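Visitor: Give me the fold of what follows.
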Amino acid sequence: MEINDLTAAEERVWRAFPKGETVDFREGDAGTDNPDIGPDWGPERTVRASVLRALLLGTAHEDGEIPTLRLSGARITGQLKLAYAVVDHPLHLRYCHFDESPDLYGTRLRQLNLRGSVLPAINLASTRIDGPLRMTDCRVRGTVRLAGAEIAGALFMDGAEVTASDPSVPVLQLHQAVLGDGFAAPGLRVRGEVRLDGATVGGSISLDDAELSNPGGHALCARSLEVRADVRARNLRTQGGIDLRGSRIAGSLDFTRARLSNPGGTALRASSCTIGELWLYRCAPIEGRLHLRRSRIDVLGFESEVAPGEVLFNNLSYTALNPHEPAHRRLPLLERDGDGYVPYAYEQLAAAYRHGGDEGAARRVQLAKQRRHRATLPWLGRAWGHLQDTTVGYGFRPLRAAVWLLSLLAAGSIAYALHHPLPLKADEAPEFNPVFFTLDLLLPVISFGQEGAFAPTGGYQILSYVLILTGWILATTVIAGVSRSVTRQ
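Guide: Residues are numbered from 1 along each chain as shown. Predicted structure coming up:
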C-alpha cells in the first residue's frame, strides 16, 4: 500500500504509530461516541484493517521510539487478518467498531487491548500474548475463540457482553487455554456456553455479579479446570448447568449469594474434584441437582435449604461442614440422594460433626443411617432392626436398656413378691428374694442362685419365660451397640 492512498484519518494513525502516540477520534459525546453506532461514523473516523495490518507488519521503526498502535473511537472496515503473524508492537484498539471479525489465529502478540470495542466475533485461538489481554466492556455479537491460547498476563473481561450467534457452538471458548495470571470477569454477561475445559489459570478467576445464560445446556463447562488460587462467583446468576467435574481448585470456590438454575437437570456438578473450600453460602435455593460425587473438599459451606432438590454425595469427602446446623436439618439432604441409601454419606456427615466436637449430632446421624439401612433388609432383618431401635436405639441410646431392665425388674419383683414360687428342694433352697430372683431371670450370664432353686407355676411361669427372653434380647442389643461404639472409636 502506498502512503498517498491513505485517507486523512489513516494518515493520522500512520504518523502516530512510530512514536507510540494515541489517535483518539472520539468527540466527547456519549451518544455519538458509542461504538454500537459505528456503522454511522463517517470517513473522518474510519480506518481500513489493511492499513493497520501494513503498520503492524511492515513499518520501519524510528530511532529512540517504541512503535505502538493506540487507536480509540475508530470504525475499522474490512477484516484485520494477522493469523500466524509475529507482531512486535502493543495493540490498543479501544472503543472501536469492527465491521468484520478479526482473525488472529496463532498470532504472537506483545499486548492486546480491545476495551469497550464492538465486534461481530473474534478468533484468538492458539494466540500467544506476552502480556495481558483486555476485553473490558467489549460487546461481541458472536463467538470469542481463545481455545489453546497462552496469555502470560491476565485476561480481563469485566463488564463484557458476549452473545451467541450459533447456539450449538460455545460462545466463549477458553478450553485448553493457559492464563499465566488470572481471569477477571466480574459483571460478565454471556448468552450461550462458556467453555473452560482443560484450562490452566495461574491466579484467580473472578465471576462476581456475572450472568451466564444457556437454558437447557451448559452455562459454564469447565471440566478438568486447574486454578492455582480462588474461583470467586459471588452473586453469579446462571441459567443452565455448571460442570466442573475433574477440576482442581487450590483455594476456594465461592458461590456466596449466587443463583444457580437448571430446572430438570444438574445445576452444579463438581464431581471428582479437589477443592480447598466450596461455599454455597446465603445462596438462593438451587433449581436443579447438586452433584458432588467423589470430590475431596477441605471445607464445605452451605445451609441445608440451599439444596432443596436431588443431591449426589456418594464418596464425597470433606473435613469441616459450615455453618454448624443441628443434625435434623442436614439429614433430609441424605434422604434426597439420587443414589438411594449411601452409607458413606452418613459416615462422612457423622465424622464432620465429630470434627466439630458435636458427638451428640454424630450419634443422631449414625442412628439415622441404621434406620435407612433397615429399610433395605428382608422382613426378618427389619423386624430385628425395629426391636434394636425400640430397645436401645441401635446402641446409640444405651440408657433405654437401663429403663427397660429397671421396668422389667420392678414388674417381676412385685409379681413374685406377691406370689412366692415354690422351692424345688425345700431343705436346700435359700431364702427367697423376689428382686434377685427376677435378676436371675433377666441376666443371662450372672447367677444369684435363685432361678435354679425355685419353680414358678401357671402364669408366673409364663412371666419367667418372658423375662428370660427379653433379658437375652436386651443383652444382645446392648452388646451389639457397644461393639459398634468400640469399632467407631
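Visitor: And stretch 333-348, end to end?
Guide: End-to-end distance of stretch 333-348: 13 Å, with Cα to Cα, to the nearest Å as the criterion.
Visitor: Equivalent analysis for stretch 37-54, please.
Guide: The stretch stretch 37-54 measures 26 Å between its terminal residues, going by Cα to Cα.
Visitor: what does it rub up against?
Guide: Stretch 37-54 is contacted by residues 1, 6-10, 13-14, 25, 31, 69, 71, 73-82, 96-100, 102, 118 when judged by Cβ atoms under 8 Å, 6 or more residues apart in numbering. The way it works is simple: take the backbone N, C-alpha and C, and place the C-beta from them, glycine included.
Visitor: same deal with stretch 304-319?
Guide: Under Cβ under 8 Å, 6+ apart, the answer for stretch 304-319 is 271, 280, 283, 285-300, 325, 329-330, 332-334, 336-339, 342, 344-345, 348, 352, 355.
Visitor: so of those residues, which ones are in helices?
Guide: Arg329, Arg330, Pro332, Leu333, Leu334, Tyr344, Ala345, Gln348, Ala352, His355 (DSSP state H).
Visitor: Tell me how far the closest residue to Ala160 other than its chain neighbours lies from Gly301.
Guide: Distance criterion Cβ to Cβ, 6 or more residues apart in numbering; nearest residue to Ala160, sequence neighbours excluded, is Cys138 at 4.6 Å. Using Cβ to Cβ, to the nearest Å, one gets 34 Å for the distance from Cys138 to Gly301.
Visitor: So which bits of stretch 227-243 are buried?
Guide: By 16 or more other Cβ atoms under 10 Å, the buried positions in stretch 227-243 come out as 227, 229-243.
Visitor: hmm, back to that, could the ones in helices among the contacts of stretch 304-319 be laid out in a markdown table, adding pLDDT?
Guide: Converted to a markdown table, those look like this (pLDDT from 0 to 100):
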| residue | pLDDT |
| --- | --- |
| Arg329 | 92 |
| Arg330 | 92 |
| Pro332 | 91 |
| Leu333 | 91 |
| Leu334 | 92 |
| Tyr344 | 91 |
| Ala345 | 92 |
| Gln348 | 93 |
| Ala352 | 92 |
| His355 | 89 |
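Visitor: Glu359 - how many residues pack around it?
Guide: 11 (other Cβ atoms under 10 Å).
Visitor: Please, where are all the helices along this protein?
Guide: In the chain, the segments counted as helices under DSSP H are 8-16, 49-58, 327-335, 343-355, 359-374, 379-392, 399-418, 434-442, 459-488.
Visitor: Contacts only, for the residue most central in space within the chain.
Guide: In the chain, the residue lying closest to the centroid (Cα atoms, centre = their mean) is Ala270, at 4.9 Å. Ala270 makes contacts with Leu244, Arg245, Ser247, Leu253, Leu278, His291, Leu292, Ser295, as judged by Cβ under 8 Å, 6+ apart.
Visitor: Go again with 10 Å.
Guide: Residues in contact with Ala270 (Cβ atoms under 10 Å, 6 or more residues apart in numbering) are 222, 242-247, 249, 253, 278, 290-295, 297, 316.
Visitor: quick revisit: please say which of Cys138 and Gly301 ends up with more neighbours.
Guide: Higher neighbour count among Cys138 and Gly301: Cys138, with 24 against 21, using other Cβ under 10 Å.
Visitor: Poorly predicted segments of the stretch 51-200 of the chain, please.
Guide: Within the stretch 51-200 of the chain, the segments meeting pLDDT under 70 span 59-64.
Visitor: Look up the closest residue to Gly182, ignoring the ones flanking it.
Guide: Using Cβ to Cβ, 6+ apart, the nearest residue to Gly182 is Gly203, at 3.3 Å.
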